[in-house]
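Trainee: No sequence on hand, only this structure:
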């Protein structure tokens, strides 16, 4: 009886997937991501408790309470992604592990993609933690589903933007401390337009500032859907800025992160 | 001579048209809204006399029909008094009002026209019957188990992961 042996070509796993898997293990199994999720849940717990029990805040209409919780969740979830990605390359540089990482056969661009995907997993983890809080605040008025869906969409867009931004800063920064400081400063600057008094947000200048700033416009879009009950497409123009920012930040991170190299004095 | 002048002045004051010659009409008779929401309406002031009426003032007021609900009209509108100046004979003047409902219950909103000198009568508009519904508030029951439970579960997970790592090392 004749047998035919077919040689099955072995498909190599893409390098970015290998890097992403390793980074995910480092983040989640080592417990660093869990510590971030714990801090995140503590913050959202305090917010939810205040929204639900404090008399002054409880004057909020229920849709506004959902919006407040969702916006805090999305904003802080994006902050966690930025912290994770800002550590990606500068952290390796500081720990002296960048050289061995660069010696692997993985293209540098794949290193950036893998690390970026691992940082994005922090947002997905934060979103999973956020779900029960949004359900609790929004139950009974039929907006839990739409709030979570819009939160996931806007949050993912902002997380991709901040992951790209964090990787870009991390690739350029000389030290991890510098990378984290610049990232936090940029994030604070991005939050600023959203915190302006309502009066300052009126008029064409205020409107323009809100629309240009990816974080403010993303959170504004969330408010339109959750509080005003608008359809997803009605205010879609507010998503233009986060979308453009995400594309530009990721492209810049891929270009500059792909050129990352050891600097003088970094070889141990 | 002096008596004659005084009499003439008194006569002129009595005969001159005052705000009492002005009618005030609101564009609608009722409105239903929710607490915290704003609503708009307009009032039309009309001078029915054949002479101009000087110094007309329009004033917005809110009355609660429920004795247990206290109304501070300043909270409802911060721009309640409009100084219109002179209304020519037969002239109509339309004024837009924006009001925010800050109490729930049943109210009457009306606009009164008065003379700036305080002479003559006060003319009130037709009532705008306003029903303000409560907004749906969050039921805070059960928030403590949620607010403590999720961080507790994550803390347990974190401790478990750390212990497992230590045992592997």
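Mentor: In hand now; what should we look at? Quantities reported herein were computed from a predicted structural model and do not represent experimental measurements.
Trainee: okay, now residue B:55: neighbour count?
Mentor: 17 (other CB atoms under 10 Å in any protein chain shown). The C-beta positions use only the backbone N, C-alpha and C, and glycine is treated the same way.
Trainee: Determine the longest helix present in chain A.
Mentor: In chain A, assigned by DSSP state H, the helix with the most residues is helix A:108-138.
Trainee: buried ones in that helix?
Mentor: A:108-123, A:125-127, A:129-130, A:133-134, A:136-138 (16 or more other CB atoms under 10 Å in any protein chain shown).
Trainee: Could you show which parts of chain A are in contact with chain B?
Mentor: A:29-31, A:34-35, A:37-38, A:41-42, A:44-46, A:48-49, A:51-53, A:58, A:60-62, A:65, A:129, A:132-133, A:136-137, A:140-141 (CB under 8 Å from any CB of the partner chain).
Trainee: Could you check the pLDDT of residue A:59?
Mentor: The score at residue A:59 is 53. That number is its pLDDT.
Trainee: Is residue B:129 within a helix or a strand, and which one?
Mentor: strand B:128-133 (DSSP states H and E).
Trainee: in its sheet, what does whichever strand or helix holds residue B:86 sit against?
Mentor: If you go by DSSP H and E, residue B:86 is part of strand B:81-87. Sheet pairing for strand B:81-87, assigned by DSSP bridges, gives strand B:53-64 (antiparallel).
Trainee: right, and the helix or strand after the partner strand?
Mentor: Assigned by DSSP H and E, the successor of strand B:53-64 is helix B:73-76.
Trainee: picking that back up, contacts for the helix or strand just after the strand holding residue B:86?
Mentor: Next along the chain after strand B:81-87, taking DSSP H and E as the criterion, comes strand B:92-100. Outside of strand B:92-100, the residues within contact range by CB atoms under 8 Å, 6 or more residues apart in numbering or on different chains are B:36-47, B:56, B:58, B:60, B:62, B:75-77, B:79, B:82, B:84, B:87, B:109, B:111.
Trainee: if we go to 7 Å?
Mentor: B:38-46, B:58, B:60, B:76-77, B:82, B:84, B:87, B:109 (CB atoms under 7 Å, 6 or more residues apart in numbering or on different chains).
Trainee: now the residues you listed: which count as buried?
Mentor: Buried among the contacts of strand B:92-100 (16+ other CB under 10 Å): B:39, B:41, B:43, B:45-46, B:58, B:60, B:76-77, B:82, B:84, B:87, B:109.
Trainee: can you list these in CSV and add pLDDT and distance to residue A:100?
Mentor: Formatted as CSV, the buried ones among the contacts of strand B:92-100 follow (pLDDT from 0 to 100; distance: CB to CB, whole Å):
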residue, pLDDT, distance to residue A:100
B:39, 91, 68
B:41, 95, 74
B:43, 96, 79
B:45, 95, 84
B:46, 94, 88
B:58, 94, 81
B:60, 96, 76
B:76, 90, 70
B:77, 89, 70
B:82, 93, 77
B:84, 92, 82
B:87, 91, 88
B:109, 97, 76
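Trainee: what sits opposite residue B:129 in the beta ladder?
Mentor: residue B:30, residue B:108.
Trainee: got the contact list for the strand holding residue B:129?
Mentor: With CB under 7 Å, 6+ apart, strand B:128-133 has contacts from B:26, B:28-35, B:41, B:101, B:103-110.
Trainee: Kindly write the PyMOL command that selects the buried subset of those.
Mentor: Per 16+ other CB under 10 Å, the buried members of these correspond to this PyMOL selection:
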select buried, chain B and resi 26+31+33+35+41+101+103+104+105+107+109+110
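Trainee: Correct me if wrong: residue A:157 contacts residue A:218.
Mentor: Yes: contact criterion CB atoms under 7 Å: residue A:157 and residue A:218 qualify, at 6.4 Å.
Trainee: Now do the shared contacts for these two.
Mentor: With CB under 7 Å, 6+ apart as the test, residue A:157 and residue A:218 both reach A:239, A:242.
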